[in-house]
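Colleague: Predicted model and sequence below, questions to follow.
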Number of protein chains: 2
Amino acid sequence: MSPNKNDAVAPIGVFDSGMGGLTVLRALHERLPGEDIIYFGDTARVPYGTKGEKTVRAFASQDAGLLVELGVKMVVVACNTASAFALEHLRETMPVPILGVINPGVRTALAMTRGGPVGVIGTSGTIRSGRYQEGLAAGGLGEDRILVQECPLFVPLVEEGLMGHAMTVMAIEEYLLPLRDAGVDTLILGCTHYPALKDDIGRFMGPDVKLVDSADALALAAQDRLTELALLRGDTSREGKLEFYLSDIPWKFQEIGARFLGKPIEEVITVGLDEMEAFSDSND
Amino acid sequence: MSPNKNDAVAPIGVFDSGMGGLTVLRALHERLPGEDIIYFGDTARVPYGTKGEKTVRAFASQDAGLLVELGVKMVVVACNTASAFALEHLRETMPVPILGVINPGVRTALAMTRGGPVGVIGTSGTIRSGRYQEGLAAGGLGEDRILVQECPLFVPLVEEGLMGHAMTVMAIEEYLLPLRDAGVDTLILGCTHYPALKDDIGRFMGPDVKLVDSADALALAAQDRLTELALLRGDTSREGKLEFYLSDIPWKFQEIGARFLGKPIEEVITVGLDEMEAFSDSND
């Protein structure tokens, strides 16, 4: 495939540390059904959320580099940890627009909150990066209205399909009780896996707490940005083609894929790690 | 460092997917205190247990290749998943003896069982590889005496330090009840993380069930093998030097390291993934 980066008919690229970003692909496809989308999941090196900044930045450069090589017109970073650690770096080094998941989530939360504190939950990497906190503060929230919580067990619980399970309920209580007690009125689900726990989290937090699903916010932001850049496809009646690239075919791949995407993945192209290394940039 | 592979004064190499293999390093160091040991943990790409056979084999080749380059006289594969998927491949391609964790665990279990069924718990990759099952069957156990169980949540629970926690107790009950009900008399802890749960698992299974900690079994096997090959150091009164290489410095690194090693890790050398790729062998 030849690069056609400034061409409206080129596909949109989406990458994530693994399969969780399929929720973003799904939201994008629902919002922009005529667009072709290429998804890359770095399933050989997942998760990113427990790893260091330099490592995540090196991975993200390769992930975005692969998508650019495949000719995408925009790279959507579905992974919160990669957005937290690598967004500026990707913007400096990649020849296409780069969209991260954090700012859209922050903007949605700022629009939703009714004066109470805003909670953010995510991986250790995302929370410790401080990016959500910075974004909410820049949007005018005082320190006392920003509450964050690392939820490291949520990803494995979702990967195991334990939605609604007693262990998940217990983990939610353990992590979210302080946020509920503090009376947050809006909660950012700051990891692509967490929307799978929306029902469980909603039950615990109560109906008055708004949950911000980053996938929807990100799809909307992508639409806005493509419109701005005059890169939206004109022929919206066509059914966009979805392509899937993974660095490893995990156990339970079909099952996990369907869980996030909402339908089975028919065909997958495997990308070897030696090929990924070829997309390293010189700054890593 | 120059390779000195057939030299008794060369260090022993140990690798694992991450920090869990430090339990093996610790057992080795206790049993062979005069030996120098180099540890490599592939913390940038951990875990291996959920990933595919080809990916794990490629990672294991690089891990072992790094240790060989550092001049070790033997490579100990502390990771059960890497042992399950890559041991034969490493033996064919590496110029030093390769020791895996599965056979020592199998032998210990066969020596301990008193006629009841033997249970094996491990990651999805390890259990699905069938290697423990093959080993126990080759040792004379009938199919009705071999019971296996994947325990995918144990690794994240240990990484989060949740030993003794209600969530851990619940996960243990969920995974191990069928094994307890079946009356296993011996249980192989088939993952380097699981010895951290020894107390919790022991409480649930009861005092009559023998737990096989692969770290001890592997250290004993390494001693036997080095003796056989006349590669044991003569000067046992010296204090062996321990060196640590990791592909990423994870959050909570000091805390997790101390949990597995039993003492703080003072100095770590970080190995970039571009350097790791250089140790790929041509078969991957």
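Modeller: In hand now; what should we look at?

Colleague: can you tell me which residues contact A:E277?
Modeller: A:62, B:273-274, B:277 (C-beta atoms under 8 Å, 6 or more residues apart in numbering or on different chains). For the C-beta atoms, the positions are set from N, CA and C on the backbone; glycine is no exception.

Colleague: Ignore what I typed, I meant A:I38.
Modeller: A:I38 touches A:11-14, A:67, A:70, A:72, A:243, A:245, counting by C-beta under 8 Å, 6+ apart.

Colleague: model confidence over whichever strand or helix holds it, on average?
Modeller: Element membership for A:I38, per DSSP states H and E: strand A:37-41. For strand A:37-41, mean pLDDT is 97.

Colleague: Please compute how far it lies from its chain's middle.
Modeller: 12 Å (C-alpha atoms, centre = their mean, to the nearest Å).

Colleague: For ChimeraX, what selects the buried ones among the contacts of A:E277?
Modeller: Applied in ChimeraX, the following selects the buried portion of the contacts of A:E277 according to 16 or more other C-beta atoms under 10 Å in any protein chain shown:
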select /A:62 /B:273,277
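
Colleague: residue ranges of the helices in the stretch 101-250 of chain A, please?
Modeller: Remark: helices assigned in the stretch 101-250 of chain A by DSSP state H, counting those that start in this stretch are A:102-112, A:124-129, A:131-138, A:154-159, A:166-181, A:198-205, A:214-228.

Colleague: by how many degrees do the last one and strand A:37-41 diverge?
Modeller: Helix A:214-228 and strand A:37-41 meet at an angle of 140 degrees, taking axes from the mean of the first three to the mean of the last three C-alpha atoms, to 10 degrees as the criterion.

Colleague: repeat for the third one
Modeller: Compare the direction of helix A:131-138 with that of strand A:37-41 by the same axes, to 10 degrees and you get 120 degrees.

Colleague: Where does A:V46 sit: helix, strand or coil?
Modeller: coil (DSSP: H, G, I helix; E, B strand; the rest coil).

Colleague: so how far is A:E88 from it?
Modeller: Applying C-beta to C-beta, to the nearest Å, the value for A:V46 to A:E88 is 23 Å.

Colleague: Those two: which has the busier surroundings?
Modeller: Under the neighbour definition other C-beta atoms under 10 Å in any protein chain shown, A:V46 and A:E88 were set side by side, and A:V46 has more, 27 against 11.

Colleague: can you tell me which residues contact the most centrally placed residue in chain A?
Modeller: The centre of chain A sits closest to A:A78, judged by C-alpha atoms, centre = their mean, with a distance of 2.6 Å. Neighbouring residues of A:A78 by C-beta under 8 Å, 6+ apart: A:14-16, A:20-21, A:23-25, A:101, A:192, A:215, A:218.

Colleague: what's the closest of the residues you listed to B:Y132?
Modeller: If you rank the contacts of A:A78 by distance to B:Y132 using C-beta to C-beta, A:G20 comes first, at 30.6 Å.

Colleague: isn't the closest one right up against A:F260?
Modeller: Yes. Look at A:G20 against A:F260 with C-beta atoms under 8 Å: they come within range, at 6.2 Å.

Colleague: Validate this expectation: A:R91 resides in a helix.
Modeller: Yes. Counting by three-state DSSP, A:R91 is located in a helix.

Colleague: ok, back up a step: for the helices of the stretch 101-250 of chain A, give me TSV that also has mean pLDDT, distance to A:F253 and mean neighbour count.
Modeller: As requested, the helices of the stretch 101-250 of chain A are exported to TSV (pLDDT from 0 to 100; distance: least, C-beta to C-beta, whole Å; neighbours: other C-beta atoms under 10 Å in any protein chain shown):
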stretch	mean pLDDT	distance to A:F253	mean neighbour count
helix A:102-112	97	27	21
helix A:124-129	93	24	23
helix A:131-138	98	30	19
helix A:154-159	92	11	24
helix A:166-181	97	22	16
helix A:198-205	98	23	16
helix A:214-228	94	20	20
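
Colleague: Which one, of these, ends up nearest to A:E35?
Modeller: A:E35 lies closest to helix A:214-228 among the helices of the stretch 101-250 of chain A, at 8.1 Å (C-beta to C-beta).

Colleague: between the closest one and helix A:102-112, how many degrees?
Modeller: For helix A:214-228 against helix A:102-112, the angle by the same axes, to 10 degrees is 100 degrees.

Colleague: And the contacts of helix A:214-228?
Modeller: Helix A:214-228 is contacted from outside by A:12, A:23-24, A:26-28, A:30-32, A:73-74, A:76, A:78, A:80, A:97, A:99, A:101, A:103-105, A:107-108, A:188-190, A:192, A:195, A:232, using C-beta under 8 Å, 6+ apart.
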